[in-house]
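Chemist: build me a model:
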Amino acid sequence: MKNTLLENAPSDKKKRPIRCSHCSTTLVVRNGTYPRNDPQNDTEIRVQRYLCKSPECTWHSFSVLPAPLLPVIRHAYEKLFSCYAMIQKGINQATVARKLSLGRGVVKRLKPLCRRFITWLDQERKVTDWGFDPLLFWPDFTRDFSQSFFPERWIKLPSTQHEH
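Modeler: Residues are numbered from 1 along each chain as shown. As a prediction, this is how the structure comes out:
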């Protein structure tokens, strides 16, 4: 019989530590949750909020959305692909809206975003660590997505170069 007190118990922690969305430090602590509607099945989910403890970081709190929720746009990763595929096939806006359970105005606003998203995704897959399956690296993927599509939400740090 093995002595379980001396053996390492399997950890519940994820293999990849949570990192601050802005400064990438692992000096973070949990700071409650907030509700968010799951766009795929119309239920409420809880999203974990974190505090960054790095003194150099200009952000104080952040959250890591679970896959497949994308920040800001309130649509799931798969919904953008479905919308893009239907648009590419020439399916009209009303049909796309009906099939995705969205309003026609939402589909109209999603069309340019979908095109831009697919172009960005193809380019990013060539140069990033998350490769062809961003779901495996969801926090990194959503940070890159947010920085590319919503740069105004990211604070620009002053240059470290001296002016002459």
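
Chemist: contacts for the longest helix anywhere in the chain?
Modeler: Ranked by number of residues, the top helix in the chain under DSSP state H is helix 104-127. When contacts are defined by CB atoms under 8 Å, 6 or more residues apart in numbering, helix 104-127 is touched by residues 73, 75, 80-81, 83-84, 87, 93-94, 96-97, 100, 102, 130-132, 134, 144-145, 148-149. C-beta: built from backbone N, CA, C; applies to glycine.

Chemist: and with 10 Å instead?
Modeler: Residues from elsewhere that reach helix 104-127 (CB atoms under 10 Å, 6 or more residues apart in numbering): 70, 73-75, 77, 79-88, 92-100, 102-103, 128, 130-134, 141, 144-145, 148-149.

Chemist: do stretch 20-33 as well
Modeler: Defining contact as CB under 10 Å, 6+ apart, one finds that stretch 20-33 is touched by 16-19, 45-64, 71, 139-140, 142-143, 146-147, 154-155, 157.

Chemist: so which of those are in helices?
Modeler: Counting by DSSP H, the part of these found in helices is P139, D140, T142, R143, S146, Q147.
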